[in-house]
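# predicted model follows, preceded by the sequence.
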Amino acid sequence: MTNPNNATISTVHTADFTSGHALQIPTLRILQDDGTIYPGATAPDLDQETALKMYHSMSFIRVLDERMLAAQRQGRISFYMQCLGEEAATVGSAAALDDKDMIMAQYREQGALRYRGFSLEQFMNQLFSNEKDLGKGRQMPVHYGSKDIYYMTISSPLGTQIPQAAGYAYAQKLRGLSNVTICYFGEGAASEGDFHAGLNMAAVHKAPVLFFCRNNGYAISTPANEQFKGDGIACRGVGYGMKAIRMDGADILAVYQATKMARDHAIATNEPVLLESIAYRLGAHSSSDDPSGYRSKEEEEQWRKNDPISRYRLWLIAKGWLDDAADKAQIEALRGEILDALKVAEKVAKPGIEHLISDVYAEPIPELERQLAELKQHIRKYPDAYPITSGRM
Amino acid sequence: MTNPNNATISTVHTADFTSGHALQIPTLRILQDDGTIYPGATAPDLDQETALKMYHSMSFIRVLDERMLAAQRQGRISFYMQCLGEEAATVGSAAALDDKDMIMAQYREQGALRYRGFSLEQFMNQLFSNEKDLGKGRQMPVHYGSKDIYYMTISSPLGTQIPQAAGYAYAQKLRGLSNVTICYFGEGAASEGDFHAGLNMAAVHKAPVLFFCRNNGYAISTPANEQFKGDGIACRGVGYGMKAIRMDGADILAVYQATKMARDHAIATNEPVLLESIAYRLGAHSSSDDPSGYRSKEEEEQWRKNDPISRYRLWLIAKGWLDDAADKAQIEALRGEILDALKVAEKVAKPGIEHLISDVYAEPIPELERQLAELKQHIRKYPDAYPITSGRM
Amino acid sequence: MAKMNMLQAINNALDLAMAKDSTVVCFGEDVGHFGGVFRATSKLQEKYGKDRCFNTPLTEQGIAGFANGMAAQGMKPVAEIQFADYIFPAFDQIVNETAKFRYRSGNEFNVGGLVFRTPYGGGIAGGHYHSQSPEAYFAHTPGLKVIVPRDPYQAKGLLLASIASEDPVIFFEPKKLYRASTGEVPEEYYEIPLGVAEVMQEGKDVTVLAWGAQIEICQKAIEMAAAKGISCELIDLRSILPWDVDTVVKSVLKTGRLVINHEAPLTGGFAGEIAATIQQRCFLHLESPIARVCGLDTPYPLALEREYVADHLKTFEAIVASVQF
Amino acid sequence: MAKMNMLQAINNALDLAMAKDSTVVCFGEDVGHFGGVFRATSKLQEKYGKDRCFNTPLTEQGIAGFANGMAAQGMKPVAEIQFADYIFPAFDQIVNETAKFRYRSGNEFNVGGLVFRTPYGGGIAGGHYHSQSPEAYFAHTPGLKVIVPRDPYQAKGLLLASIASEDPVIFFEPKKLYRASTGEVPEEYYEIPLGVAEVMQEGKDVTVLAWGAQIEICQKAIEMAAAKGISCELIDLRSILPWDVDTVVKSVLKTGRLVINHEAPLTGGFAGEIAATIQQRCFLHLESPIARVCGLDTPYPLALEREYVADHLKTFEAIVASVQF
Ligand SMILES: Cc1ncc(C[n+]2csc(CCOP(=O)(O)OP(=O)(O)O)c2C)c(N)n1
Ligand SMILES: Cc1ncc(C[n+]2csc(CCOP(=O)(O)OP(=O)(O)O)c2C)c(N)n1
Ligand SMILES: [Mg+2]
Ligand SMILES: [Mg+2]
């Protein structure tokens, strides 16, 4: 008999369910809290330069998050999102990639962005929506993006990047590029229909994508156990015939190792891989959120000990690659640099009025030209009401 | 450490993928092609009346499909869809339910509909979109539905009924009813985002739904191996923490048994269950389709031998519950009844003009009243152009 | 009567509806214990239990499908879509399913009692993914009712009427007014009928028509116009679908002029429908072209939000131009 | 030149586009080996291989997302949505993603080159799930282009221009004309510019405006009108977004009258936008109210399709009423 159903053809004669937890996926851990390697584990093969770049990306982001959350509290920017507790997940995975692998992120992946080389000024210009922002001041803070460093501009609707990553990677394959696409998303976003569509299409069409789920326990206030009943997200791989792996997302060596292996597999076979990072969103969801309404301080405190940076730092120090005092001084200096950059960026002008209509289409359509002309006339009549643009028209 | 990620917390120190085929689900088979029970299998506990009702539902549908496809070819109805080869899947599962369990079907489940008691006249009135059609002649042929027998009216957009079934069953639970909802869909429809949303929500909110996937190998021309890469559909259950079971969909005893067990589980725990029927869509997708463009006659012939009706018939005869000759005579008589009913239904008038605007809202809104009045005036001016309604206004 | 802001009025309406009718159930992303990201469902889980007020997984199509199913069973789901910008994954469930449920089944089944609540509109520095006003997308969909309240009193009465309605309703809440708009609201149950516009202020020179958060902007504009001696009649449409043609026609027959204001982009926005209908019904009485003051035909911007919006100055200019035509 | 029906013209356009540019890729449900349920992609897989013409899993949101991703990488995906009625699961990917891709990134990324092809409209006894005309939903979405061809020649030229466009395009194909409409079509590559309406017939009494399959219905109606001595100017809008305001304005300034016809329901349909704009631009020249002949505000019916549709008789009556106003 042919097997058009594309399903196993073994037979049983007694009715029995396959349990909803028939598949349990262990968590890869390499680096212990004290900076040593787990007995039986081996550290990935990292050179000093890469290892330090990883460290500096993490610590940069830690300080930036701290500063910019404060800036938001002071009313200097309208909104901010930290990645506290998840720095290793995004930096460790970005480090395992080629520079031309496309990154499609959700919004909490500033670690990967920094690793790719997004500059302090670029961060600031986006956060202040000024005219130097690559995104022309059009999106809320943290919606970064840069073509030059293969980092797709963030889009707020959740999950939409997942099937897009499948298509992007498929195009990379068709063009014969030796590159993959990595697609980050939260365990909350993994509930969207787009997740299902994207993973299935990537598997069917053999698109070299790394689907990287940041399972951080919460989607705003919703805990993971009200988000799904399965064993995390990794177990969904079998539903798509896709290899999967789960790592401790606070363990940068585990994340690096797993991502490297997944990338090798994707390059060799064009098959996608599903990765799940287990970590904890230590901060609030965003500057608009207050987690005290939905989880306990005790839980947070417990997880705060699981810091991804400190254990990696200890590992680097033990290897003799990092000097404790010099690093502390460097971080102190960074605080100053960030403050300086902030002060510069907040004074840069907003984008000009022409950017109200540019980029809607490759060239403005006539109706937009008409609307802009009408608007300019109006602004000239009431310059005080539109101070951002009237002065420069 | 708390486990907010809702994932297994066992640890490994060596990176290893979980295979995309780590979970293989066998197929339950009870009844052999020759009408005997597989060695080691036990037939479910069926009384003669139920067993015969199941048989007669299947054979009714077989004859109806044959006749109505012919009627479509003669141009008497505009469209038709057979369920050839899948009669056991829908009849066997419907028979395992309570009469007040809600059925949400895709469109190829006339077996379940017949089992519930939809009359020959009701089938015909729908197929001819006449004024006796419960659906008021608004949907294409085969979009049946009846509140009285708890059979939700079919909707063409695929997959939409899947999260609806979760919501319906949740409401049943809230009302304290001891009823489940069964939701049928094809392995093609299981690629829709609504599948993911519906299964996940049913699991999270503990809604007593039986998700019944008819994996029949094709979605129009698309074979299952271009639809997904996993092991069928049942293996997706683990992704939702949901029990799953796979049966031979041409084996009515296996389908009955599995569905009964699933229903018992859903009633006892309010947990949904995923069922996968493995069968073959022996006919064309619909009367608009010609499968010779995408699959071989040999494949079809091979599966034609796997007939769900003939083996069940042999089992019934062996049990002494069915008389061969009497049954053949009854089927012959049925052919005549169907033709008679067809001739009656095709002469019944179409719904009146007021049903052009009724049921859009509970009561027509003023704009619809205005549009209808204007239309009536127009029809009165050109009665010949609107023969269906002008005569009765 | 009590002083409430719009969120409190909405919360109070939900509370009353749940108390009155055990088939009313509230759910959506973060709607349960936390009470929703805007806190519209605060305390409802505490009061009515986890079964009747709960978090859902993060899937708008799932929420809408689930709501359709519950409503088909006869319950009254009030589903929250966290931002109207995120209602689009549910578009198929709403446009192809919710809207056509009763019609396609010949009234065998229906989803009356279903309400989608969702915060819409700009003014909160939210950029194009936290500011959209998608009412026109739904207004082209027979079978739906589309409602937009302008203040706490309206919000409560219209929401209670929506839940009581035998038809499914999309209830757009102007989020920038959630806390900003306050007023006296009766503590008891009351409904404001759907499909009926309200003439908020009578006038003779020009009719100004808007809904939701744009009402207060129009109020500013007509004050400016009044200072110039122009008498405006202000109408709150309240119900976008069905919309109250007769009330608008009556007003325009009197004033001979119409200015329509909405937040959404001009092209394809609902002002087009209104203008098309009114020019037809009032043709011989129109003394100037019907004017539309709307968002630009771009995604909702961030840095240049002020320039983009249909503000009081643009509205005032349109009023003057209409009168001086 | 060769005689082609609309499907052949579309197939020929896809063939030429794929031959000319290796980044053009066609996919969708049943699009591969089978060539699509309407056979628009017939033989393309044979010719260009499985990588460039293929079946997708059954998920419109996935197809649209996949297409967005491919286009963002720089390729030119031509994605088929099997029926326009099934485009709604892809609504979020199209309205929130496709349409805003270039804008939101400040032009760092774009999805120019992306085309969604989809058969739309009634006349095939398809009921409300195989007959919808959803163009107005997309026309309210800045960033998209929306095109509807009326015959094989137009279909080929407009489709080639859509694929070549730097902006994403939704290309609605009037399925009832797939085989019914035939005509001479050049075998070589040519484009018909997007955004430009065509005056198909000049006239002086009234302008009749339509698109897609309604053009032939309007032709019938204006023939009837001609027999009554009424001279109609017929315009095929072709491009719904952006639409060619100037051509319509010029015509109405001449005729003083406008009748707009579309298949979709009246309320919120694109005729509203056109009427609103034209009454504003041509106010002093209008001699009668702009008339709209459209579908009723109901889902598309089955048994009573004839009564429902915006047919030639209703159009003729509207023309006469306009002239006799
Ligand atoms: C389609 C859509 N629905 C809702 C939202 C609102 N929203 C923004 S973030 C968020 C939670 C996301 O949680 P998760 O995916 O787990 O990511 P995390 O914030 O934990 O990193 C929600 C509901 C959105 N942005 N898009
Ligand atoms: C949302 C949606 N997309 C596309 C279609 C067109 N369509 C109708 S049936 C079908 C194939 C369905 O296959 P499957 O789910 O396997 O069911 P089967 O026909 O095999 O029973 C398709 C693509 C549809 N009805 N709805
Ligand atoms: Mg999360
Ligand atoms: Mg199938």
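The structure has been received and is ready for your questions. Ligands and ions are numbered 1, 2, ... in the order given.
# what's the burial count for residue A:306?
Per other CB atoms under 10 Å in any protein chain shown, the neighbour tally for residue A:306 reads 18. In short, each C-beta sits where N, CA and C put it, glycine included.
# next up, the contacts around it.
A:33, A:85, A:250, A:279, A:280, B:1 (CB atoms under 8 Å, 6 or more residues apart in numbering or on different chains).
# need phi/psi at residue C:297.
Here is the backbone geometry of residue C:297 (degrees, to the nearest 10): phi -80, psi 60.
# do the same with residue A:325
Dihedral angles (degrees, to the nearest 10) for residue A:325: phi -70, psi -40.
# ok, what's across the strand from the closest residue to ligand 3 within the stretch 151-300 of chain A?
Nearest to ligand 3, among the residues of the stretch 151-300 of chain A, is residue A:186, at 3.7 Å (CB to the ion). Counting by DSSP bridges, residue A:186 is bridged to residue A:214.
# which member of the contacts of residue A:306 is positioned nearest ligand 2?
Distance to ligand 2, by CB to the nearest ligand atom, is smallest for residue A:279 among those, at 36.7 Å.
# doesn't residue A:247 make contact with the closest one?
No. With contact defined as CB atoms under 8 Å, residue A:279 does not reach residue A:247; the gap is 9.4 Å.
# neighbour count: these two, which is higher?
More crowded of residue A:279 and residue A:247, by other CB under 10 Å: residue A:247, with 32 against 26.
# you'd agree the more buried one is in a strand?
Yes. With DSSP: H, G, I helix; E, B strand; the rest coil as the criterion, residue A:247 is part of a strand.
# so what's it up against?
A:27, A:28, A:29, A:254, A:255, A:257, A:258, A:275, A:276, A:277, A:278, B:15.
# can you list the residues of the stretch 51-200 of chain A near ligand 1?
A:108, A:156, A:157, A:158, A:186, A:187, A:188, A:189 (CB under 6 Å from any ligand atom).
# could you dump the residues you listed to CSV with distance to residue A:387 and secondary structure?
Shown next, in CSV, are these (distance: CB to CB, whole Å; DSSP: H, G, I helix; E, B strand; the rest coil):
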residue, distance to residue A:387, secondary structure
A:108, 34, coil
A:156, 28, coil
A:157, 32, coil
A:158, 35, coil
A:186, 38, strand
A:187, 43, coil
A:188, 39, coil
A:189, 38, helix
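# is any residue of the helix or strand encompassing residue A:56 near chain C?
Assigned by DSSP states H and E, residue A:56 falls within helix A:48-73. No. In terms of CB under 8 Å from any CB of the partner chain, no part of helix A:48-73 sits within range of chain C; the closest distance is 11.7 Å.
# neighbours around residue A:56, how many?
Neighbour count for residue A:56, taken as other CB under 10 Å: 18.
# what's the neighbour count on whatever residue of the stretch 51-200 of chain C ends up closest to ligand 4?
Nearest to ligand 4 in the stretch 51-200 of chain C, going by CB to the ion, is residue C:92, at a distance of 20.1 Å. Close neighbours of residue C:92, defined as other CB under 10 Å, add up to 30.
# what strand or helix carries it?
helix C:91-92.
# that helix close to ligand 1?
No. Against ligand 1, helix C:91-92 shows no contacts by CB under 6 Å from any ligand atom, the least distance being 11.8 Å.
# tell me how far that helix is from the chain's mean position?
19 Å (CA atoms, centre = their mean, to the nearest Å).
# just checking, what packs against that helix?
With contacts taken as 3 or more CB pairs under 8 Å, 6 or more residues apart in numbering or on different chains; DSSP states H and E, helix C:91-92 sits against helix D:91-92.
# what about the helix it packs on, average pLDDT?
Across helix D:91-92, pLDDT averages out at 98.
# do that helix and ligand 2 meet?
No. Helix D:91-92 does not reach ligand 2 (CB under 6 Å from any ligand atom); its nearest approach is 11.8 Å.
# list the contacts of that helix.
A:157, A:160, A:194, C:88, C:89, C:91, C:92, C:95, D:61, D:137.
# quick check, the fifth one in contact with residue A:191.
No. In terms of CB under 8 Å, residue C:89 does not count as a neighbour of residue A:191; the distance is 10.8 Å.
# run a quick neighbour tally on the closest residue to ligand 4 within the stretch 251-393 of chain A.
Closest residue of the stretch 251-393 of chain A to ligand 4, CB to the ion: residue A:272 (24.0 Å). Neighbourhood size, residue A:272 [other CB under 10 Å]: 35.
# so how far is residue A:178 from it?
16 Å (CB to CB, to the nearest Å).
# what's the answer for residue C:84, then?
For residue C:84, the distance to residue A:178 - CB to CB - is 43 Å.
# pretty sure residue C:256 sits against residue C:290.
No. Contact between residue C:256 and residue C:290 fails when scored by CB under 8 Å: they sit 10.6 Å apart.
# compare these two and say which is more crowded by neighbours.
Under the criterion of other CB under 10 Å, the comparison of residue C:256 against residue C:290 puts residue C:290 first, with 27 against 18.
# the top strand by length along chain C near chain D anywhere?
In chain C, assigned by DSSP state E, the strand with the most residues is strand C:258-265. Yes. Legend: contact between strand C:258-265 and chain D by CB under 8 Å from any CB is shown at C:264, C:265.
# ok, is that strand in contact with chain A or not?
No. Strand C:258-265 stays clear of chain A (CB under 8 Å from any CB), getting no nearer than 9.5 Å.
# can I get the next helix or strand after the helix holding residue A:56 in CSV, CA atoms only?
Heading C-terminal from helix A:48-73, the first helix or strand you meet, by DSSP H and E, is helix A:87-95. Output of helix A:87-95 as CSV, limited to C-alpha atoms (Å, rounded to 0.1, in the frame of the first residue of the first chain):
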residue,chain,number,x,y,z
GLU,A,87,21.4,38.7,27.6
ALA,A,88,23.2,35.3,27.1
ALA,A,89,20.4,33.9,25.0
THR,A,90,20.6,36.5,22.3
VAL,A,91,24.3,37.3,22.4
GLY,A,92,25.3,33.6,22.6
SER,A,93,23.2,32.7,19.6
ALA,A,94,24.2,35.7,17.6
ALA,A,95,27.9,34.8,18.2
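# check which helices and strands the helix or strand just after helix A:87-95 sits against.
Under the assignment DSSP H and E, the closest C-terminal helix or strand after helix A:87-95 is strand A:102-104. Judged by 3+ CB pairs under 8 Å, 6+ apart, the packing partners of strand A:102-104 are helix A:110-116, helix A:161-174, strand A:181-186.
# tell me the mean pLDDT over stretch A:373-391?
97.
# okay, how far is it across it, tip to tip?
16 Å (CA to CA, to the nearest Å).
# what does it contact?
For stretch A:373-391, the surrounding residues in contact (CB under 8 Å, 6+ apart) are A:350, A:352-353, A:356, A:393, C:296, C:303-304, C:306-307, C:311, C:313-314, C:317.
# for that stretch, which positions count as buried?
A:375, A:376, A:378, A:379, A:386, A:388, A:389, A:390 (16 or more other CB atoms under 10 Å in any protein chain shown).
# ramachandran coordinates for the second one?
Backbone geometry at residue A:376, expressed as degrees, to the nearest 10, gives phi -60, psi -40.
# and it, how close does it get to ligand 2?
45 Å (CB to the nearest ligand atom, to the nearest Å).
# can you check the first one too?
Counting by CB to the nearest ligand atom, the separation of residue A:375 from ligand 2 is 41 Å.
# surely that residue forms part of a helix?
Yes. Counting by three-state DSSP, residue A:375 is located in a helix.
# re the thing from before, of residue C:84 and residue A:178, which one has the most company?
Between residue C:84 and residue A:178, counted using other CB under 10 Å, residue C:84 has the larger neighbour count: 25 against 11.
# thanks a lot, catch you later.
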